[in-house]
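Peer 1: okay, here's the prediction I keep looking at, along with the sequence it came from:
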Amino acid sequence: MERPVTEADLTFEHVPETDQAFENALEKARTGERLTVDDAIELLTTGTDTDGIDDARKELVLEAADHRRADVVGEEVTFVANLNNNVTTACNVGCLFCNFKDAAHTFERETAVQTAGFTKTPEESREIVTDAVSRGIYEVTSVSGLHPAFALDEEHREILDSHPDPKEINYKPPERYETDPETYAAQLEAMSVDGVHVHSMTPEEAYHAKRGTDWSYEEVYSRLADAGLDTVPGTAAEILVDEVRDVICPGKITTDGWLEAMEAAATVGLGLTATIMYGHVENEAHRAMHLERVRELQERVDGAITEFVPLSFIHQNTPLFEHGVVDGGASQAEDELMIAVSRLFLDNIDHIQSSWVKYGDEAGLKMLHCGADDFMGTILSEEITKRAGGEFGEFRSVADYVELISSIGRVPVERSTDYETRRVVDPAASSFGPELGPKADGTPLLAGGERPVSADD
Ligand SMILES: C[S@@+](CC[C@H](N)C(=O)[O-])C[C@H]1O[C@@H](n2cnc3c(N)ncnc32)[C@H](O)[C@@H]1O
Ligand SMILES: Nc1c(NC[C@H](O)[C@H](O)[C@H](O)CO)[nH]c(=O)[nH]c1=O
Ligand SMILES: N[C@@H](Cc1ccc(O)cc1)C(=O)O
Ligand code: SF4
């Protein structure tokens with residue numbers, strides 16, 4: 001039997017070697033001079049002249065990033081009152097870092113196996129969003145598996161139904177499945193309750209929504225915008241270097257494909273976020289190259305990217321870990337440096353998000369001293385990290401946010417998705433709830449003793 005590939009076997013063209021000195025890179029970071037990829041590598045590694053992370057040097061990088069954060073956005077820490085409503089876990093793309101997915105055949109009517117996943121109809125999505133909006137949320141984030149029956153809209157359905165080789169384009173008609181997710185357009189329309197902001201359709205999902213057609217990403221995103229899409233989550237980015245994608249997500253679109261989709265979304269007027277999913281097989285050169293690609297994209301889209309979100313790889317239940325390709329995720333020191341160098345390198349993106357889902361509360365708060373200024377959202381439901389083995393839950397209340405953010409001497413601010421609408425929360429108030437939503441009246445999202453919604457229930 002062949003031994004599975006391990007991290008030690010991987011030979012990459014790009015490795016963390018530079019002609020730059022750590023001290024020079026740090027000086028540029030402090031004075032605000034634009035950093036190069038080599039500078040970023042020096043900062044992420046705390047110097048390629050030594051092995052491992054040097055604690056004293058790390059502190060200097062974190063300090064420079066914390067100063068930059070204070071200069072750019074001040075002392076406010078933002079959060080959004082949102083809901084995650086992921087439509088389906090059915091997916092055959094096979095990314096090796098992902099345990100959110102369930103093999104699509106397990107969702108079929110004629111199957112002996114009972115699927116461990118879920119698919120929601122548009123009616124079910126609407127019910128879930130309606131309940132959350134009535135509680136006070138004003139953003140719904142929806143990212144899903146690439147269900148083979150999904151079509152963009154009715155016209156796309158006709159094209160898919162008459163395709164000569166549906167298998168080749170990853171299409172099976174909805175009749176084959178126990179539950180019909182219908183179309184992306186129907187889901188977006190269903191989720192557009194009372195003007196809630198719909199944050200959905202990653203570049204990978206947009207690719208799925210155009211399969212079997214010659215439609216451009218602009219055509220796709222403009223149809224999706226007509227159906228109710230407001231902004232696009234820049235996940236599916238993973239590491240924007242193809243030699244890494246070839247290892248962790250060979251079935252996904254390429255770096256160029258991802259960039260093309262994001263640019264098209266911005267062209268039709270949609271706002272964007274951007275992410276990096278790090279801490280698996282990649283090295284610091286890849287992280288630095290990723291940052292450069294995002295910074296260049298932000299120039300091309302004229303500032304449409306509102307925030308950058310470093311997503312630390314959750315390893316426990318994933319194929320990469322189970323097959324011994326990696327032996328864990330990023331260390332806390334690597335997490336801190338990833339946040340700090342994102343702040344220092346991305347001089348054209350104002351907001352850096354600390355994800356409590358990935359880091360937990362304690363480390364998540366620490367990130368707010370390393371360059372981050374946003375602490376994510378209330379989300380009410382979480383499946384991606386939970387299924388990968390993450391342990392930090394799926395809900396934070398406005399009261400949790402106020403307590404956590406105040407505990408480190410910063411100012412809690414409720415924000416809209418695009419950061420344009422903001423409300424400073426008074427920590428002395430007697431109770432806390434969202435106030436920016438169409439139905440938000442300041443009462444808590446959940447009543448005492450209530451549990452957040454969960455797809456497992
Ligand atoms: C699960 S996918 C859902 C949307 C869609 N299927 C796609 O790939 O774009 C959304 C993102 O979750 C993140 N993710 C998945 N598994 C993860 C893990 N084990 N640790 C950290 N992030 C993960 C990845 O960055 C991925 O792009
Ligand atoms: N970092 C994570 C996020 N971030 C997205 C936010 O919740 C929000 O949608 C965005 O800031 C736009 O306002 N969401 C997750 O579900 N998991 C994360 O780890
Ligand atoms: N859903 C992603 C996180 C995410 C979603 C939307 C964003 O805009 C950014 C990040 C995850 O849990 O990994
Ligand atoms: S990351 Fe997205 S595309 Fe990849 S397997 Fe998971 S759900 Fe499917």
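Peer 2: Yep, that arrived. Quick caveat: nothing in here was measured; it's all calculated off a predicted structure. Ligands and ions are numbered 1, 2, ... in the order given.
Peer 1: going forward, measure contacts and count neighbours with C-alpha atoms only.
Peer 2: Noted.
Peer 1: how many neighbours does the residue nearest to T254 when sequence neighbours are not counted have?
Peer 2: Once flanking residues are discounted, T254 sits nearest to D242: 6.4 Å by C-alpha to C-alpha, 6 or more residues apart in numbering. Neighbour count for D242, taken as other C-alpha atoms under 10 Å: 16.
Peer 1: do the same with G448
Peer 2: Neighbours around G448, by other C-alpha under 10 Å: 7.
Peer 1: any idea how far it is from ligand 3?
Peer 2: 26 Å (C-alpha to the nearest ligand atom, to the nearest Å).
Peer 1: ok so, going back, was I right to think the residue nearest to T254 contacts K252?
Peer 2: No: using C-alpha atoms under 8 Å, D242 is not in contact with K252; the gap is 10.2 Å.
Peer 1: how far off centre is stretch 255-265?
Peer 2: The chain centre lies 15 Å from the centre of stretch 255-265; the measure is C-alpha atoms, centre = their mean, to the nearest Å.
Peer 1: returning to that earlier point: look up how far T213 lies from the residue nearest to T254.
Peer 2: 25 Å (C-alpha to C-alpha, to the nearest Å).
Peer 1: how about the strands in the chain?
Peer 2: Here the chain has its strands, by DSSP state E, at 76-80, 82-84, 139-142, 197-200, 231-232, 271-278, 305-312, 351-352, 374-377, 411-415, 422-424.
Peer 1: hmm, the third one touching ligand 4?
Peer 2: No: remark: strand 139-142 sits outside contact range of ligand 4, by C-alpha under 6 Å from any ligand atom, the gap being at least 11.8 Å.
Peer 1: tell me how far whatever residue of the stretch 301-450 of the chain ends up closest to ligand 4 lies from V80.
Peer 2: Closest residue of the stretch 301-450 of the chain to ligand 4, C-alpha to the nearest ligand atom: I384 (8.3 Å). Distance of I384 to V80, computed by C-alpha to C-alpha: 19 Å.
Peer 1: these two: which has the busier surroundings?
Peer 2: Applying other C-alpha under 10 Å to I384 and V80 shows that V80 carries more neighbours, namely 25 against 19.
Peer 1: dump the residue contacts of the more buried one.
Peer 2: The contact partners of V80, taken as C-alpha atoms under 8 Å, 6 or more residues apart in numbering, are 139, 376-378, 414-417.
Peer 1: from these, which is closest to ligand 1?
Peer 2: The shortest approach to ligand 1 among the contacts of V80 belongs to M376, at 14.5 Å (C-alpha to the nearest ligand atom).
Peer 1: and the residue nearest to that closest one when sequence neighbours are not counted, how many neighbours?
Peer 2: Excluding the flanking residues, the one nearest M376 by C-alpha to C-alpha, 6+ apart is F79, at 5.2 Å. Counted with other C-alpha under 10 Å, residues neighbouring F79 total 23.
Peer 1: gap between the residue nearest to F150 when sequence neighbours are not counted and G324?
Peer 2: Among residues not flanking F150 along the chain, T183 sits closest, at 5.5 Å (C-alpha to C-alpha, 6+ apart). As judged by C-alpha to C-alpha, T183 and G324 stand 38 Å apart.
Peer 1: with neighbour numbers in mind, choose between those two.
Peer 2: A direct count of neighbours by other C-alpha under 10 Å for T183 and G324 places T183 higher, at 21 against 14.
Peer 1: so who does the more buried one touch?
Peer 2: 150-154.
Peer 1: at 10 Å what do you get?
Peer 2: Counting by C-alpha atoms under 10 Å, 6 or more residues apart in numbering, T183 makes contact with 121-122, 149-154, 156-157, 174, 189, 209.
Peer 1: cool, and E307?
Peer 2: 233-234, 272-275, 346, 348-353, 373-374, 417-419 are the contacts of E307 under C-alpha under 10 Å, 6+ apart.
Peer 1: from those residues, which are also near ligand 2?
Peer 2: Okay, of these touching ligand 2 (C-alpha under 6 Å from any ligand atom), that's T417.
Peer 1: residue ranges for the helices of the stretch 251-400 of the chain, please.
Peer 2: 255-267, 284-300, 319-322, 332-345, 356-367, 384-388, 398-407 (DSSP state H, counting those that start in this stretch).
Peer 1: can I get the fourth one in CSV, CA atoms only?
Peer 2: Yep, that's helix 332-345 we're talking about. Only the C-alpha atoms of helix 332-345 are listed here, as CSV (Å, rounded to 0.1, in the frame of the first residue of the first chain):
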residue,chain,number,x,y,z
GLN,A,332,-1.3,30.8,18.6
ALA,A,333,1.9,32.6,17.8
GLU,A,334,1.3,32.0,14.1
ASP,A,335,-2.3,33.2,14.5
GLU,A,336,-1.1,36.4,16.1
LEU,A,337,1.4,37.0,13.4
MET,A,338,-1.1,36.3,10.6
ILE,A,339,-3.5,38.9,12.0
ALA,A,340,-0.6,41.4,12.6
VAL,A,341,0.9,41.0,9.1
SER,A,342,-2.5,41.2,7.5
ARG,A,343,-3.0,44.6,9.2
LEU,A,344,0.5,45.8,8.2
PHE,A,345,0.5,44.5,4.6
